[in-house]
Structures are given as C-alpha cells and as structure tokens.
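Colleague: dropping the sequence and predicted coords here.
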Amino acid sequence: MTNEEAIKLTTDTFNLIKISKTIKEIEDIPDKVNIPIKSRMKIDSYPKIDFFINQNEILSLIANKILDDDLNFTTDITSKLTDPLTKLLYAISWKNGDLKKVKHIVKGILECEDENSNQEEALVFYQFGKYLTKVSGQPIIDQHVIRAFATYKLSEFEKLSNLRQIEIISKKHKYIINLYKNWLISDELTTELKSIKDYTYYIDKLLFATGKTIKQTVKQKIIY
C-alpha cells in the first residue's frame, strides 16, 4: 500500500465515523472503505467485554492478599484459587509469562480518572485497565489504533512512513493517546453516537482494522 493509499483509507474511514449516528453505521464502514477481512478483528478471539472492574474490587484483592503492595499477584495465590475458571485463566497467564503484566492493568483501574499519571511503560495494558472500569472516555488502544489515528492527524505528527511503522507503544506516544481520547469525546463525533454505551469499543475495533491495513514494516520499501 502506498502512502497516498494509506492517507485515503484513513481519511475516508474517519470521515465516515464523524457522520455516524449508530453502531451499525460504524460496523458498515469496513465494507464501505474495502478493509480486507484478514485485517479485521476476529470476534471469536476478542469478543466484547460486558463486565467492568471498579476500584473497590481491586482494593479488596489487595486487602485479601491476592495482590501485593506492588499490585502483582502474591506468590502464594495458587493455594487460594478455588474457582475452575479462575484457575484456567491464571494458568494461561502463567504459561504465557504474563503475570507481571497484571499490575499495569490494575494500576489503570485504580487510576481510571487520573489523566496526569506518570505511567511510562506498558501503556497498552495500563489503558486497558482504564477501559475495564467502563468509565466514559476510556477506550482500548493498541499499535493499530494509534497508527490509524496518528495517520489521520498526519499534519500534527511525524512523517507518514514513521507512523505506518509504529509497532510498540511507548511513552513518546502518550501525547497521541491523549489526543485520541480527547477526540473520542469531541464535537467531531455525533451526539447520537456518543450517547451509545461503550461506543468507543466499536470505534477501537474499526481503527484496529484500519491501522493493521496501513501498517508498513521497517523492511518494506517505502513508496511515495
């Protein structure tokens, strides 16, 4: 995909988002702009999360020694797990080496209303924690979402070739994350869309597909 094609795809996508009033209109956009099926989020792998986690629930885990003072799982947690679903999910996290990532999600939950956090690592997990609280204006983010939004705001950022090669979200992208979050609650989106519960999830899913489509690896030849 050329840079010109990447700009056109993101521009067309965002223009359609801005006039959408319903979730169906958002979900129809990939077909309208011809986003490949292979780039779209697989619902069986990432079904919509309907539950939420609040700060009191996290504080309860700390009080019951499930989480330690650093917000990691305590080392003896496995002796306290009795529910089979919890055991399975813990086992998957253990096998994937993801146990230490939980603290970033937990911190995001605890700081869900703090937009001046000093968090500078694991920003995707941290923001995911904020999303899990279902507090208004807290979306899911990842490399694809931020790549799509940054390309849409091209004039404010780096060269397009650099944006299309974003793979790891780091502290240098915090300003883009904040701009994205502000955009989601701005007047660029219709009042009707913003009034729908969890509307950001559907936009995140759309931008995931958009950003994945325009992604350019470092090894790819840059075409202007």
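Modeller: Arrived safely. Numbers count the residues shown, from 1 in each chain.
Colleague: could you chop the protein up by domain?
Modeller: By the assignment in automatic domain parsing, the chain contains the domains 3-45+137-214, 55-132.
Colleague: now, of the ones you listed, which is deepest in the fold?
Modeller: Mean neighbours per residue, mean count of other CB atoms under 10 Å, is largest over those for domain 3-45+137-214, with a mean of 17. The C-beta positions use only the backbone N, C-alpha and C, and glycine is treated the same way.
Colleague: and that domain, how far out from the chain's middle?
Modeller: Computed by CA atoms, centre = their mean, to the nearest Å, the chain-centroid distance of domain 3-45+137-214 equals 10 Å.
Colleague: ditto for stretch 108-122
Modeller: 14 Å.
Colleague: put the alpha carbons of stretch 124-132 into CSV.
Modeller: Provided in CSV are the C-alpha atoms of stretch 124-132 (Å, rounded to 0.1, in the frame of the first residue of the first chain):
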residue,chain,number,x,y,z
VAL,A,124,-1.5,-0.6,26.2
PHE,A,125,-2.1,-2.7,29.4
TYR,A,126,-2.5,0.4,31.6
GLN,A,127,-5.1,1.9,29.2
PHE,A,128,-6.8,-1.4,29.0
GLY,A,129,-7.2,-1.3,32.8
LYS,A,130,-8.9,2.1,32.5
TYR,A,131,-11.2,0.7,29.8
LEU,A,132,-12.2,-2.2,32.1
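Colleague: identify all contacting residues around it.
Modeller: Applying CB atoms under 8 Å, 6 or more residues apart in numbering, the contact partners of stretch 124-132 are 49, 52-53, 101, 104-112, 117, 119, 138-143, 169, 177, 200.
Colleague: can you check the pLDDT for the residue nearest to the spatial centre of the chain?
Modeller: Closest residue to the average C-alpha location of the chain: residue 141 at 1.8 Å, with CA atoms, centre = their mean. Here the pLDDT value assigned to residue 141 is 94.
Colleague: now it, what's its secondary structure?
Modeller: Here residue 141 takes the coil state, with states given by DSSP: H, G, I helix; E, B strand; the rest coil.
Colleague: contacts for stretch 72-80, please.
Modeller: 65, 66, 67, 68, 90, 99, 100, 102, 103.
Colleague: not counting residues beside it along the chain, what's closest to the last one?
Modeller: With sequence-adjacent residues excluded and distances taken as CB to CB, 6 or more residues apart in numbering, residue 103 is closest to residue 71, at 3.9 Å.
Colleague: now that neighbour: how far from residue 192?
Modeller: 38 Å (CB to CB, to the nearest Å).
Colleague: kindly report the same for residue 100.
Modeller: Counting by CB to CB - residue 100 and residue 192 are separated by 42 Å.
Colleague: before we move on, back to that, the residue nearest to residue 103 touches residue 111, doesn't it?
Modeller: No: with contact defined as CB atoms under 8 Å, residue 71 does not reach residue 111; the gap is 10.9 Å.
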